[in-house]
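> Give me a 3D structure for the following:
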Amino acid sequence: RGDVLENHGPPAEHGARELTPRQRDVLRLLAQGKRMKEIAAELDLSVRTVESHKYQLLQTLNLESTADLVRFAIRQRIVPE
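Presented below is the predicted three-dimensional model:
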């Protein structure tokens, strides 16, 4: 159980500084509950590109799901609680 908490603690916090501005935009909109299609339209990207940014976010932050991304965004104050 401790390993799980370690994997979602400080390394992910450090990862926030490694995000590109576009990744932060995608993360913010995902955390606001927007769908891929809505994010793509708002950022003038293809849905496939948005999916690619999401995948990169998961990899960079060592997270496993959209729910994990949302929690991360709230902890980092990328979106309000």
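> and the nearest residue to R28 once chain neighbours are set aside, what does it touch?
Among residues not flanking R28 along the chain, I78 sits closest, at 5.2 Å (CB to CB, 6 or more residues apart in numbering). No exception for glycine: its C-beta is placed from N, CA and C like everyone else's. I78 sits next to A16, R24, L27, R28, A31, F72 when contact means CB atoms under 8 Å, 6 or more residues apart in numbering.
> So I78 versus A67, what's the distance?
15 Å (CB to CB, to the nearest Å).
> Need the three-state assignment for the residue nearest to R28.
coil (DSSP: H, G, I helix; E, B strand; the rest coil).
> how about the helices in this structure?
Taking DSSP state H as the test, the helices found in the chain are 2-7, 10-15, 21-31, 36-43, 47-61, 66-75.
> and among the ones you listed, the most buried is which?
helix 21-31 (a mean of 18; mean count of other CB atoms under 10 Å).
> CA atoms of that helix as CSV?
C-alpha atoms of helix 21-31 as CSV (Å, rounded to 0.1, in the frame of the first residue of the first chain):
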residue,chain,number,x,y,z
PRO,A,21,1.7,25.0,-21.9
ARG,A,22,-0.4,22.9,-24.3
GLN,A,23,-0.4,20.0,-21.9
ARG,A,24,-1.5,22.3,-19.1
ASP,A,25,-4.4,23.5,-21.3
VAL,A,26,-5.5,20.0,-22.1
LEU,A,27,-5.2,19.0,-18.4
ARG,A,28,-7.2,22.0,-17.3
LEU,A,29,-10.0,21.3,-19.8
LEU,A,30,-10.0,17.6,-19.0
ALA,A,31,-10.3,18.4,-15.3
